[in-house]
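K.L.:
sequence plus predicted model, see below.
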Amino acid sequence: MSEGDAPARIAVKFIKDEPSETDFFGSHSRVSSAIADVIGEDNGINVVGLLGPWGSGKSTVVNQIQKKLGTTCDNIHFFSYDAWLYQNDPPRRSFLEALIQDLAHNALSDEGQWQDRLADLSGRSEETVTETSRKLSLTGKWIIGSLALVPIGTVVLGRALDPKNIADAPWMMMGGIALTIAPVIMAALFYLSWRPWRQSWFKGYFKSVFWTRHRDKYAKQSIFALLTNQSVERAEKKTKISPEPSVTEFRTVFRDVLKSLRAKRERLVIVIDNLDRLAESEAVELWATIRSLFLGSELNGPQRAELTLPSIILPIDEGSVQRMFRASGHGNEASDLARSFLDKTFDVSFYINDPVMSDWRAFLKEKLEQAFGDAATDERVYWTTKLVEEYAASGTTMGRVTPRSLVKVVNAVGVLVKQWDDGSINFLSMVFFALY
């Protein structure tokens, strides 16, 4: 196994673990086309299972389905929910929030109209009550108090006009007038006391602003306002026992979302991705949420005619379903229970088969060239492929050859090349070390 390596540095470009845009395996395109046809025909198929081992290219198939539906159907909206991304959130609430935000982002719904519903479901509801009370202002108290002097002033004026009191008439006349106009005098005193005397000083007294604008302390008050309004805000917090909506609440809100989409003549396709990456208990809980979308009188009763039920695509590893039942204590029955559960959940199931040898060889060759450029010579690619074949056939932990497992091998070799980039270690030796 001689490759004649020259001691030259090798540039490395690591490969991201993301869905491929190129179908190297042929079967991906066949599966995606079939699923797109099933959904596009709208024949009552609600839940489609996409079964394949971890790293087999399920996400690639989902991307192809979205592209095919985008070119063949104008009234379909594709929503992908990453279960792994929201694994620490309550599943029903996080699903609703993500769906509504996605619809709002695509101008299919107004996020604002759902805020109160979501806040109520999440237990974050808070209501603010504003109470307004009225009371006498300071000027009002004095002016109203001075009104009591007006009757006294009129009596004094009447006495001043009596010929018997002619001697005291001038004083009684002035006192009577003063008492009668006491409210006006009181208002004038307040008006003068509210002038900005210190700010204006001498020349400022002759400016109009001095007589029209009050001091800062009284800038927003009026002398003739007998009453003042005082507002008091009281916050009443409503906290639910559990922040997770019940199944019935979830279906009710989800039903209303579907009604709003029906009004826009849009069909919804939901992809629940990365369910098999969750812990077993979390996966079972989210799976129950998915099934609840199509159960209950709210979605299948008399109101069914008002709705256009979405199609759900669930990419999942069948082995992860078996692990769910095994973790629940079913032991040897896990395999049979998993199969029964899948049959009851999915209306139809599609399988991603293992790639044939010629397909994954071409895929590995492209990834080696992508990662190492010109350093991925034909000789290196050939012997790397042979080593991967022997490793997969030896019954080691690699097991089935999948796109993800091949990318993982290429990146593992890249890590070693980065550490020994001076060419002192043979490239194929690093491939062997990365595998074993």
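P.N.:
Cool, got the structure.
K.L.:
for the stretch 101-250 of the chain, which segments count as strands?
P.N.:
With DSSP state E, counting those that start in this stretch applied, the stretch 101-250 of the chain shows strands at 126-136, 227-237, listed in chain order.
K.L.:
and those strands, which one's lowest on average pLDDT?
P.N.:
Of all the strands of the stretch 101-250 of the chain, strand 227-237 carries the lowest average pLDDT, namely a mean of 48.
K.L.:
neighbours of A187, how many?
P.N.:
By other CB atoms under 10 Å, 17 other residues sit near A187. Where you see a C-beta, it was placed from the backbone N, CA and C, and this is true even at glycine.
K.L.:
with S32 instead?
P.N.:
So S32, with other CB under 10 Å, has 25 neighbours.
K.L.:
domains in the protein, by residue range?
P.N.:
What automatic domain parsing lists as the domains of the chain is 27-102+259-351, 133-234, 357-435.
K.L.:
same list (those domains) but as a markdown table, adding distance to R117.
P.N.:
Formatted as a markdown table, the domains of the chain follow (distance: least, CB to CB, whole Å):
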| stretch | distance to R117 |
| --- | --- |
| domain 27-102+259-351 | 9 |
| domain 133-234 | 24 |
| domain 357-435 | 39 |
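K.L.:
among the ones you listed, which comes closest to I10?
P.N.:
Of all the domains of the chain, it is domain 357-435 that lies closest to I10, at 4.3 Å by CB to CB.
K.L.:
most remote residue from the middle of this structure, which is it?
P.N.:
Centroid-distance maximum for the chain: K164 at 91.6 Å, with CA atoms, centre = their mean.
K.L.:
and F14, which of the domains of the chain is closest to it?
P.N.:
F14 sits nearest to domain 357-435 of all these, at 5.5 Å, using CB to CB.
K.L.:
what pLDDT, on average, does the closest one get?
P.N.:
Per-residue scores along domain 357-435 average to 85.
K.L.:
now do it: distance to the chain's middle.
P.N.:
Averaged C-alpha coordinates place domain 357-435 at 40 Å from its chain's average position (CA atoms, centre = their mean, to the nearest Å).
K.L.:
for G158, see how far away the residue farthest from the centre of the chain is.
P.N.:
Separation of K164 from G158 (CB to CB, to the nearest Å): 12 Å.
K.L.:
mean pLDDT lowest where, among the domains of the chain?
P.N.:
Comparing mean pLDDT across the domains of the chain, the weakest is domain 133-234, with a mean of 73.
K.L.:
now do the helices in the stretch 151-300 of the chain.
P.N.:
Assigned by DSSP state H, counting those that start in this stretch, the helices in the stretch 151-300 of the chain fall at 169-180, 182-193, 197-200, 208-212, 247-263, 280-292, 297-300.
K.L.:
quick check: which of the ones you listed is nearest to E390?
P.N.:
helix 280-292 (34.2 Å).
K.L.:
now the closest one against helix 247-263, angle please.
P.N.:
50 degrees (axes from the mean of the first three to the mean of the last three CA atoms, to 10 degrees).
K.L.:
I'd say K58 and G52 touch.
P.N.:
Yes - using CB atoms under 8 Å, K58 is in contact with G52, at 5.1 Å.
K.L.:
enumerate every residue touching A412.
P.N.:
434-435 (CB atoms under 8 Å, 6 or more residues apart in numbering).
K.L.:
tell me which element it is part of?
P.N.:
Element membership of A412 [criterion: DSSP states H and E] is helix 403-419.
K.L.:
which residues does L261 contact?
P.N.:
Contacts of L261 (CB under 8 Å, 6+ apart): 77, 103, 108-109, 267-268, 308.
K.L.:
swap in 7 Å and give it another go.
P.N.:
108, 268, 308 (CB atoms under 7 Å, 6 or more residues apart in numbering).
K.L.:
of the residues you listed, closest to M324?
P.N.:
Out of the contacts of L261, the member with the shortest distance to M324 (by CB to CB) is L268, at 26.4 Å.
K.L.:
the closest one and L103, how far apart?
P.N.:
According to CB to CB, L268 and L103 sit 9 Å apart.
K.L.:
then N411?
P.N.:
From N411 to L103 the distance is 37 Å (CB to CB).
K.L.:
the two: who's more crowded?
P.N.:
L103 (22 against 17).
K.L.:
pretty sure the more buried one sits against W114.
P.N.:
No - contact criterion CB atoms under 7 Å: L103 and W114 do not qualify, at 9.0 Å.
K.L.:
can I assume V431 is in contact with L387?
P.N.:
Yes - under the criterion of CB under 7 Å, V431 makes contact with L387 at 5.6 Å.
K.L.:
who has more neighbours out of the two?
P.N.:
More crowded of V431 and L387, by other CB under 10 Å: V431, with 25 against 18.
K.L.:
remind me which helix or strand that one belongs to.
P.N.:
Using DSSP H and E, V431 sits within helix 427-435.
K.L.:
can you mark which positions in that helix are buried?
P.N.:
427-428, 430-432, 434-435 (16 or more other CB atoms under 10 Å).
K.L.:
mind putting the residues you listed into JSON lines with distance to K259?
P.N.:
Listed next are the buried residues of helix 427-435 as JSON lines, based on distance: CB to CB, whole Å:
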{"residue": "F427", "distance to K259": "61"}
{"residue": "L428", "distance to K259": "62"}
{"residue": "M430", "distance to K259": "59"}
{"residue": "V431", "distance to K259": "57"}
{"residue": "F432", "distance to K259": "61"}
{"residue": "A434", "distance to K259": "54"}
{"residue": "L435", "distance to K259": "55"}
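K.L.:
nearest to V415 among the residues you listed?
P.N.:
The closest of the buried residues of helix 427-435, once distances to V415 are taken by CB to CB, is A434, at 7.8 Å.
K.L.:
so what's the closest one up against?
P.N.:
By CB under 7 Å, 6+ apart, the residues touching A434 are 409, 412-413, 416.
K.L.:
and for the closest residue to F325 other than its chain neighbours, the neighbour number?
P.N.:
What sits nearest to F325 in space, not counting adjacent residues and going by CB to CB, 6 or more residues apart in numbering, is A334, at 4.1 Å. Neighbourhood size, A334 [other CB under 10 Å]: 18.
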